[in-house]
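Participant: Starting from these lines, generate the structure:
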Amino acid sequence: MSTCHQVLAFLLLSASVALGQNSPGAIVNPMAGTGTIQDNAYTNTFFGFTYRFPAKWNVLWGPDHVAAAGCGHDCRLFEAQAPKGRGNVQIRAYPLPPGMSARDLLQKITAAEADQVGLKRAGSPTEFEAGGWKFYRADYKSRLIEGDLLQTFIIASTKEHALLFTILADSRPLLLELTKGIGSIEFQNVEQTRK
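Facilitator: Numbers count the residues shown, from 1 in each chain. Below you'll find the predicted structure:
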């Protein structure tokens with residue numbers, strides 16, 4: 001298992017535990033994982049978007065996995081990794097607790113991660129729009145033996161859920177390529193909850 005994948009697994013496990021404590025009865029809609037992967041494109045038909053990932057990347061998790069594993073208080077929808085483990089993209093869904101916005105949830109996730117694994121903030125949180133959806137972004141950096149690991153958390157809300165895109169990269173050019181992919185997501189006609 002690559003360093004990127006190990007770090008991502010730890011980060012998301014700790015985020016899931018922290019979020020599960022905030023809304024213990026809430027679960028992700030069982031249909032949230034409905035989708036397809038074809039020609040380097042992950043399409044989620046429940047949330048209504050298509051994310052294109054780099055060619056030659058290895059899909060680690062997709063709709064078939066979600067169908068087999070199901071969803072609980074969070075749901076890993078998709079994960080792909082660079083051939084040599086130098087980058088990773090994961091998309092997860094979380095139920096949004098009443099009164100909590102996607103921005104609030106992002107702050108909660110990143111605060112938990114910073115406390116548990118010592119992430120260092122790399123700039124101020126930002127917001128942007130793509131396809132009519134509002135996204136919130138927070139960038140971090142971790143110092144590893146092999147060098148820096150750049151981490152970006154991007155979140156949006158839709159259908160009473162938060163979609164969290166977690167991107168790990170070992171270089172600034174790769175991080176830029178992957179974050180541009182989020183900004184160019186293709187959206188179907190989906191009503192989004194703006195919070």
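Participant: Show me where this structure has its strands.
Facilitator: Along the chain, the stretches classed as strands by DSSP state E are 35-38, 41-44, 49-52, 58-61, 75-81, 87-95, 120-121, 126-130, 133-144, 147-158, 161-169, 186-187.
Participant: how about the nearest residue to the most centrally placed residue in the chain, chain neighbours excluded?
Facilitator: Nearest to the mean C-alpha position of the chain, by C-alpha atoms, centre = their mean, lies residue 165 at 2.0 Å. Sequence neighbours aside, residue 154 is the residue nearest to residue 165 in space, at 4.3 Å (criterion: C-beta to C-beta, 6 or more residues apart in numbering). The way it works is simple: take the backbone N, C-alpha and C, and place the C-beta from them, glycine included.
Participant: now do residue 65
Facilitator: Once flanking residues are discounted, residue 65 sits nearest to residue 76: 7.6 Å by C-beta to C-beta, 6+ apart.
Participant: same deal with residue 60?
Facilitator: Taking C-beta to C-beta, 6+ apart, and ignoring the residues beside it in sequence, residue 60 has residue 79 as its nearest neighbour in space, at 4.4 Å.
Participant: Contacts only, for that neighbour.
Facilitator: With contacts taken as C-beta atoms under 8 Å, 6 or more residues apart in numbering, residue 79 has the following neighbours: 59-62, 88-91.
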